[in-house]
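Enquirer: got a structure for you, letters missing:
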DNA sequence: GTCTATAACGTGATAGAC
DNA sequence: GTCTATCACGTTATAGAC
């Protein structure tokens, strides 16, 4: 689930900051956590964090870039399996579901809500992540049609958006309503896609 | 679209604060706006806002209660029309779509993302709003089955959640990807529901 | 290279003037 | 009843010690 941390990491403190920041970002949003929250959890001074990340926007950019790297790694390992379209989607749901289990929302949800208030650099990273996820779904729908595992009519890009919207919305709901609501949404989605 | 403001309003300033706060809340999230943002937009001192709303949490509660009142009013006026189930859903989409047009997300989305970081009183209001919206959708799906305007199998509550998840996710996406993505999602939803 | 002390600023809140 | 002056604190950021 987590990508290999390519060789020795830059710094343990930096890594610890990123781990905690990731969690707080997904649970409380970008504006919902501060350097002070990080510092107190990690038993550091806030200024120590500024050494590793010049500004909070820098930290935000790094967080999103990591999500993107993780997704790239996940997608690559997924491509190697040579799955059919429907299975590719199921793997995506499983990835999403891992957020549910931890009471988080997916980074794209956070960004979707806070978008207008985010630093421009953070927004740009978010856009890039969204593009990548969309591309994965698009390729999966296309593949599913070609290999016959999906029998849904209509524009491929539109269908990819439907999948993304449904899973994003489901993640949000599940946070307030509990994990079963996520599965309910998936059931509807599978039916829509004509999964065999 | 906006409910009648039942008689003379308490105070113009108070009303102006609520209008601006509503917009900022929907565009930037609860933690994404401050009394200072409000004050500078309205040419007030921040303390003036504290007169009308004792704390920020109070303001948040009032905001959500107003969303709920608005929704109640909307639902009542909707009930009077004696629409069939499918039309009731279409009206709901139209309500949602009005958010898209203004680059907002629905209050439920905001809450979904920031949930853990919100003051408890605000969370309670959010839960109540979610319950009401869910109840409306549930009744609509039930009605649609009875009157034959919807032909979707499965548990009614699960279907209501699917609708909510899809529309919530669509709102979010549309903010980053543009308004057409919202319509794409609706198309899929109608197909899933077997709208006649 | 890493972190501490400290500053500068933004934020929510109070007391009191009008 | 309404708002201004001011406060205490939290938040981000800098300069400099080790």
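Expert: Thanks, I have it. Being a predicted model, the structure only gives us computed values, none of them experimental.

Enquirer: Tell me how many other residues crowd the residue of chain A found nearest DNA strand C.
Expert: Among residues of chain A, the one nearest DNA strand C by C-beta to the nearest atom of the strand turns out to be residue A:47. It sits 2.6 Å away. Every residue, glycine included, has its C-beta placed from N, CA and C. Burial measure for residue A:47: 9 neighbouring residues, criterion other C-beta atoms under 10 Å in any protein chain shown.

Enquirer: measure it to residue A:38 for me?
Expert: When distances are taken as C-beta to C-beta, to the nearest Å, residue A:47 and residue A:38 turn out to be 12 Å apart.

Enquirer: mind listing what's buried in the helix or strand where residue A:163 lies?
Expert: Secondary structure from DSSP states H and E places residue A:163 in helix A:156-177. By neighbour count, and taking 16 or more other C-beta atoms under 10 Å in any protein chain shown as the criterion, the buried residues in helix A:156-177 are A:156-177.

Enquirer: Which of the helices or strands spans the closest residue to residue A:102 other than its chain neighbours?
Expert: On the basis of C-beta to C-beta, 6 or more residues apart in numbering or on different chains, the spatially nearest residue to residue A:102 that is not a chain neighbour turns out to be residue A:26, at 7.8 Å. Following DSSP H and E, one finds residue A:26 within helix A:12-28.

Enquirer: does that helix come close to DNA strand C?
Expert: Yes: between helix A:12-28 and DNA strand C, judged by C-beta under 7 Å from any atom of the strand, the touching residues are residue A:13.

Enquirer: Where does the prediction get shaky in chain A?
Expert: Low-confidence segments of chain A, defined by pLDDT under 70, span residues A:1-2, A:4-8.

Enquirer: before we move on, back to that, which ones are touching the residue of chain A closest to DNA strand C?
Expert: Not one residue lies near residue A:47 by C-beta atoms under 8 Å, 6 or more residues apart in numbering or on different chains.

Enquirer: which residues in chain A form strands?
Expert: If you assign secondary structure with DSSP state E, chain A ends up with no strands.

Enquirer: So the top helix by length along it, near DNA strand D or not?
Expert: Of all the elements of type helix in chain A, the one with the most residues (DSSP state H) is helix A:120-147. No: interface with DNA strand D: helix A:120-147 contributes nothing (C-beta under 7 Å from any atom of the strand), its closest point being 11.5 Å away.

Enquirer: Who are the packing partners of that helix?
Expert: helix A:56-80, helix A:85-101, helix A:107-114, helix A:156-177, helix B:156-177 (3 or more C-beta pairs under 8 Å, 6 or more residues apart in numbering or on different chains; DSSP states H and E).
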